[in-house]
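> coords below, sequence missing:
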């Protein structure tokens, strides 16, 4: 049975920065934004995760990919990841429910 495309999951890319990495984040931000922009309409949402002090401490992207492998490849090609900014990266299937 063919699966309804509305039931296909998105992929949440959840990244946590290494401690004391604000300068590295700032230095690679323009390249990171350009990379995220290449996702075009496949990008549902993206932005920094904020610490209690209101400062960026990670990144969250929700991306429409054909499979998890593709989402992992996109995350690995992120200039933030290539620069060694992240202490951890998780790529998890996610299903949009609301808003419909």
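Received, thanks. Computed from a predicted structure; not experimentally measured. Numbering: from 1, shown residues only.

> and residue 95, how close does it get to residue 9?
5 Å (CB to CB, to the nearest Å). C-beta coordinates here come from the backbone N, C-alpha and C atoms, glycine included.

> so which of these two has more stuff around it?
residue 9 (16 against 9; other CB atoms under 10 Å).

> how about the contacts made by the residue with the shortest distance to the centre of the chain?
In the chain, the C-alpha nearest the mean C-alpha coordinate belongs to residue 61, at 3.1 Å (CA atoms, centre = their mean). By CB atoms under 8 Å, 6 or more residues apart in numbering, the contact list for residue 61 reads 12-13, 36, 39, 43, 45-46, 75.

> including neighbour count and pLDDT, could those residues go into CSV?
Output for these, formatted as CSV (neighbours: other CB atoms under 10 Å; pLDDT from 0 to 100):
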residue, neighbour count, pLDDT
12, 17, 98
13, 24, 98
36, 20, 98
39, 15, 97
43, 16, 97
45, 11, 97
46, 16, 98
75, 23, 98
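
> filter those residues down to just the ones in helices.
36, 75 (DSSP state H).

> inside strands: which ones of the contacts of residue 61?
The members of the contacts of residue 61 that map onto strands under DSSP state E are 12-13, 43, 45-46.

> wait, which of those residues is closest to residue 87?
Closest approach between these and residue 87, by CB to CB: residue 13, at 14.4 Å.

> what about the strands in the chain?
Assigned by DSSP E, the strands in the chain fall at 10-17, 43-50, 56-63, 86-94.

> TSV for those strands, including distance to residue 30?
Listed next are the strands of the chain as TSV, based on distance: least, CB to CB, whole Å:
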stretch	distance to residue 30
strand 10-17	17
strand 43-50	14
strand 56-63	14
strand 86-94	18
